[in-house]
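In: Quick one, what's the 3D model for this:
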Amino acid sequence: MLDRILFPTDGSAGAMSTLEHALDLATDHNATVHVLTVQAEDDTDEDAGTELVELAADRVRERGHTPRTAIRSGRPYRQILEYADTEDIDLIVMPTHGRTGLERLLLGSVTARVIRLADVPVLTACPDAELRYPYRRVLVPTDGSRCASAALDVAVGLASVADVPLTALSVVEGSRNDANVRSSVSRDRIDERAHDAVETAADVAREASVSDVSTAVVHGSSVHNEIEAHVAENPIDLVVVGTHGRTGIDRYLFGGVTEKLVRTADVPVLTVREPDEAARR
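Out: Residues are numbered from 1 along each chain as shown. Model prediction:
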């Protein structure tokens with residue numbers, strides 16, 4: 001259940017389109033929407049910051065919610081994280097591109113740092129993407145790791161509240177040289193772990209009363225490509241993924257797979273960190 005949603009904004013068209021998605025979630029979860037803008041420390045134009053938050057706040061009110069607004073100054077990612085901690089935020093929603101304020105950093109260091117360091121899930125969406133809600137289906141890539149389990153819990157909660165289907169997907173990564181470096185026994189064990197991971201995820205979802213649950217195990221040389229292919233071939237409207245993994249998507253998950261999904265996915269991507277790795281580096 002989401003009680004408090006944080007929306008950092010720079011007033012761009014991309015930010016405003018993503019706000020609509022945040023408000024869809026807020027309506028279903030009866031959540032309070034927090035609107036935050038971050039100004040540079042040397043920016044003395046306080047009216048500009050007020051205009052940005054009020055632009056978004058007006059839309060929040062139009063959708064029937066009472067917003068909480070804030071203006072901070074400093075490094076954007078630090079201010080976003082500190083605000084989320086102070087206000088006990090449950091979900092951060094932000095676009096992958098901006099226009100002013102966060103523009104130069106949003107896709108790169110700001111978004112990456114918020115995803116990597118936030119103690120709460122972070123939902124990012126490309127402004128050009130078609131943002132559907134309620135979701136037709138939620139996709140959870142899983143390798144059975146603790147971080148994947150944390151992502152699954154979030155996905156199950158969203159699917160349950162919205163009463164939408166969920167798919168658990170495991171990607172078995174291979175290469176043309178597999179036959180030379182892996183025995184058939186080893187490959188069988190990897191396949192077995194992948195099937196165990198999705199079946200365990202499916203059991204968790206069914207126990208949480210998600211009525212429509214499916215599983216898929218696919219093989220390919222690129223985890224990122226296989227996830228995006230599954231999204232393209234199925235009515236997926238949200239991908240929920242952990243930022244670290246154990247097998248299959250382990251060494252790629254934040255630096256490669258998750259970052260690529262955040263940058264290029266045609267649907268929103270919700271990232272979740274493993275709870276006991278929440279201490280910031």
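In: what does stretch 41-51 rub up against?
Out: The contact list for stretch 41-51 (Cβ atoms under 8 Å, 6 or more residues apart in numbering) reads 11, 37, 39, 71, 73-74. All C-beta spots, glycine's among them, are computed from the backbone N, C-alpha and C.
In: Put together a markdown table for these, with pLDDT, distance to residue 59 and neighbour count on each row.
Out: Formatted as a markdown table, the contacts of stretch 41-51 follow (pLDDT from 0 to 100; distance: Cβ to Cβ, whole Å; neighbours: other Cβ atoms under 10 Å):
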| residue | pLDDT | distance to residue 59 | neighbour count |
| --- | --- | --- | --- |
| 11 | 75 | 11 | 21 |
| 37 | 94 | 14 | 29 |
| 39 | 88 | 20 | 20 |
| 71 | 94 | 17 | 16 |
| 73 | 92 | 24 | 16 |
| 74 | 92 | 25 | 12 |
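In: farthest-separated two in those residues?
Out: By the measure Cβ to Cβ, 11 and 74 form the most distant pair in these, at 18.2 Å.
In: hey, where'd the strands end up in the stretch 51-200 of the chain?
Out: 68-73, 91-95, 122-125, 138-141, 166-173 (DSSP state E, counting those that start in this stretch).
In: Out of the ones you listed, indicate the one that is most buried.
Out: strand 138-141 (a mean of 28; mean count of other Cβ atoms under 10 Å).
In: Looking at the contacts of stretch 41-51, which is nearest residue 96?
Out: The closest of the contacts of stretch 41-51, once distances to residue 96 are taken by Cβ to Cβ, is residue 11, at 15.9 Å.
In: A strand includes the closest one, no?
Out: No. According to DSSP: H, G, I helix; E, B strand; the rest coil, residue 11 belongs to no strand; its state is coil.
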